[in-house]
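S.K.: fold the following, please.
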Amino acid sequence: MTLFDVYPLFPINIVRGQGCRVWDDQGTEYLDLYGGHAVISIGHAHPHYVEAVSRQVAQLGFYSNSVVNTLQRQLAERLGKACGYEDYSLFLINSGAEANENALKLASFHTGRTRVLSAQKAFHGRTSLAVEVTNNPKIIAPINANGHTTFLPLNDVEAWKAELQKGDVAACIVECIQGVGGIQLATVEFMQGLRQACDETGTVLICDEIQCGYGRSGKFFAHQWLDVRPDIITVAKGIANGFPMGAVLISPKFEAVYGQLGTTFGGNHLACAAALAVLDVIEGEGLVENARKVGEHLLSEIKNLKNERIKEVRGRGLMIGIELDVPYKEIRQRLLMDEHIFTGCAGTNVLRLLPPLCLSMDEADEFLEKLQKTL
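M.R.: Numbers count the residues shown, from 1 in each chain. As a prediction, the model looks like this:
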């Protein structure tokens with residue numbers, strides 16, 4: 001049997017990591033400005049994380065959600081305090097796509113409606129409902145093309161209000177910083193106007209914080225820069241630092257109904273131990289504040305490079321997009337193969353930086369020097 005060939009792969013076999021650095025099977029060291037696609041929040045192989053996960057798997061790795069799991073309750077309490085949503089409820093699953101899938105179902109159950117508004121360039125996942133609100137026809141299979149979604153320009157609040165006035169929209173789903181869309185930022189005016197319009201029309205506002213949340217923007221959630229309070233918040237990626245996990249944070253307006261939602265693996269003991277260890281490190285090492293400070297430094301210094309290859313720099317915290325005047329492919333390849341730096345990408349010409357939140361100023365400066373050299 002062979003692997004189903006769905007990913008274009010770099011010819012590099014990463015076998016070890018520590019902090020913001022990884023090593024391949026030849027012993028070559030790389031600076032990780034990609035974080036495994038924004039998943040590594042507290043750094044690779046953090047000793048507290050390793051100890052917590054090892055201890056838990058030696059004790060009990062899994063039992064079903066038919067019994068009490070005190071780790072789930074601890075995580076709900078800790079996460080509520082960390083992000084400021086102590087009055088919300090927590091539903092634990094296994095991925096970001098599942099988080100959005102369940103958020104959209106909850107909105108439809110709650111409103112009895114079937115239509116969704118999503119942003120152009122949005123990416124919300126690859127499962128049936130999540131992919132339907134993703135603005136990429138190439139990954140929407142015919143079976144998923146059900147016409148439930150209307151795509152509108154991010155930040156065009158009047159266009160969203162006009163659709164909401166039709167009265168048939170169950171939910172608006174928004175990434176306050178679009179990742180796959182090229183690090184496009186929602187504005188204060190847009191999000192506050194959308195919040196008001198959702199309230200007026202009885203529509204559920206979902207903020208997808210899967211990539212931009214969990215401290216990455218320099219606040220716990222990116223929407224907190226915009227002074228709005230969503231009805232539902234979805235998270236994944238950094239929540240467990242590489243252990244598969246997702247979650248839905250649900251406002252008190254929603255009533256839990258037995259049998260309506262469910263999961264086999266979601267919130268298992270091992271995942272919860274990993275997620276609790278992540279919160280320990282984020283809080284103990286001040287990683288949200290570090291993401292803000294180092295991110296501001298990176299944004300400022302990249303702009304100061306004044307290189308003709310750079311058209312625009314966008315982002316918040318450690319979620320940064322560098323828009324180039326040429327396709328990113330060759331520059332990304334040279335950064336990786338010649339300078340040993342992992343970066344991400346978006347669209348055709350945006351380099352995307354999604355490093356662990358523990359990135360240091362020295363590591364940021366190392367990247368800046370090598371970026372300038374490569375450009």
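S.K.: ignoring the adjacent residues along the chain, who's closest to the most centrally placed residue in the chain?
M.R.: For the chain, the residue nearest the mean C-alpha position is residue 211 (1.3 Å; Cα atoms, centre = their mean). In this structure, residue 211 finds its nearest non-sequential neighbour in residue 179, 4.0 Å apart by Cβ to Cβ, 6 or more residues apart in numbering. C-beta: built from backbone N, CA, C; applies to glycine.
S.K.: for residue 131, give me the pLDDT.
M.R.: Note on residue 131: pLDDT of 97.
S.K.: same thing with the one 5 residues further on?
M.R.: pLDDT, the model's per-residue confidence, is 96 for residue 136.
S.K.: circling back: list the contacts of the residue nearest to residue 211.
M.R.: Contacts for residue 179 (Cβ atoms under 8 Å, 6 or more residues apart in numbering) come out as 38, 123, 211-212, 319, 346, 352, 354.
S.K.: considering those residues, which possesses the most neighbours?
M.R.: Within the contacts of residue 179, most neighbours by other Cβ atoms under 10 Å means residue 212, with 31 neighbours.
S.K.: mind checking how far that one is from residue 66?
M.R.: Between residue 212 and residue 66 the computed distance is 34 Å (Cβ to Cβ, to the nearest Å).
S.K.: isn't residue 349 right next to residue 326, touching?
M.R.: Yes: with contact defined as Cβ atoms under 8 Å, residue 349 reaches residue 326; the gap is 6.5 Å.
S.K.: settle it for me: which of these two has more neighbours?
M.R.: Between residue 349 and residue 326, residue 349 has the larger neighbour count (other Cβ under 10 Å), namely 18 against 12.
S.K.: residues in contact with that one?
M.R.: Under the criterion of Cβ under 8 Å, 6+ apart, the contact list for residue 349 reads 311, 323-328.
S.K.: mind exporting the C-alpha coordinates of the longest helix anywhere in the chain to PDB?
M.R.: In the chain, assigned by DSSP state H, the helix with the most residues is helix 287-304. Extracted C-alpha coordinates of helix 287-304, given in PDB (Å, rounded to 0.1, in the frame of the first residue of the first chain):
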ATOM      1  CA  LEU A 287       3.300  33.800  25.600                       C
ATOM      2  CA  VAL A 288       0.300  36.000  24.600                       C
ATOM      3  CA  GLU A 289       2.200  39.100  25.500                       C
ATOM      4  CA  ASN A 290       5.400  37.700  23.800                       C
ATOM      5  CA  ALA A 291       3.400  37.100  20.600                       C
ATOM      6  CA  ARG A 292       2.300  40.700  20.700                       C
ATOM      7  CA  LYS A 293       5.800  42.200  21.400                       C
ATOM      8  CA  VAL A 294       7.700  40.000  19.000                       C
ATOM      9  CA  GLY A 295       5.000  40.300  16.400                       C
ATOM     10  CA  GLU A 296       5.100  44.100  16.500                       C
ATOM     11  CA  HIS A 297       8.900  44.000  16.100                       C
ATOM     12  CA  LEU A 298       8.600  41.700  13.100                       C
ATOM     13  CA  LEU A 299       5.900  43.800  11.400                       C
ATOM     14  CA  SER A 300       7.800  47.000  12.000                       C
ATOM     15  CA  GLU A 301      11.100  45.700  10.800                       C
ATOM     16  CA  ILE A 302       9.800  43.900   7.700                       C
ATOM     17  CA  LYS A 303       8.200  47.200   6.700                       C
ATOM     18  CA  ASN A 304      11.500  49.000   7.300                       C
END
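S.K.: chain center to the following helix or strand past that helix: distance?
M.R.: Scanning forward in sequence from helix 287-304 by DSSP states H and E, the next helix or strand is strand 310-316. Relative to its parent chain, strand 310-316 has a centroid offset of 19 Å by Cα atoms, centre = their mean, to the nearest Å.
S.K.: for stretch 120-128, same thing?
M.R.: 12 Å.
S.K.: contacts for that stretch, please.
M.R.: By Cβ under 8 Å, 6+ apart, the surrounding residues in contact with stretch 120-128 are 95-98, 100-101, 118, 130-131, 133-136, 139, 143-144, 151-154, 173-175, 178-182, 184, 208, 210.
S.K.: apply 6 Å and report the result again.
M.R.: With contact meaning Cβ atoms under 6 Å, 6 or more residues apart in numbering, stretch 120-128 is reached by 96-97, 100-101, 130, 133-135, 144, 151, 153, 178, 180-181, 208.
S.K.: please apply the same query to stretch 8-15.
M.R.: The contact list for stretch 8-15 (Cβ under 6 Å, 6+ apart) reads 22, 24-25.
S.K.: hmm, back to that, which of the three states applies to the residue nearest to the centre of the chain?
M.R.: Look at residue 211: counting by DSSP: H, G, I helix; E, B strand; the rest coil, its state is coil.
S.K.: residue contacts, it?
M.R.: Going by Cβ under 6 Å, 6+ apart, residue 211 touches 38, 179, 237.
S.K.: please name the nearest non-neighbouring residue to the first one.
M.R.: Taking Cβ to Cβ, 6+ apart, and ignoring the residues beside it in sequence, residue 38 has residue 354 as its nearest neighbour in space, at 4.0 Å.
S.K.: check contacts around the one you found.
M.R.: 34-35, 38, 344.
S.K.: a markdown table for the residues you listed, including secondary structure and pLDDT?
M.R.: Listed next are these as a markdown table, based on DSSP: H, G, I helix; E, B strand; the rest coil; pLDDT from 0 to 100:
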| residue | secondary structure | pLDDT |
| --- | --- | --- |
| 34 | coil | 97 |
| 35 | helix | 96 |
| 38 | helix | 97 |
| 344 | strand | 96 |
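S.K.: restrict the contacts of stretch 120-128 to the buried ones and give me that as a ChimeraX selection.
M.R.: Applying 16 or more other Cβ atoms under 10 Å to the contacts of stretch 120-128, the buried members can be selected in ChimeraX as follows:
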select :96,97,100,101,130,133,134,135,144,178,180,181,208
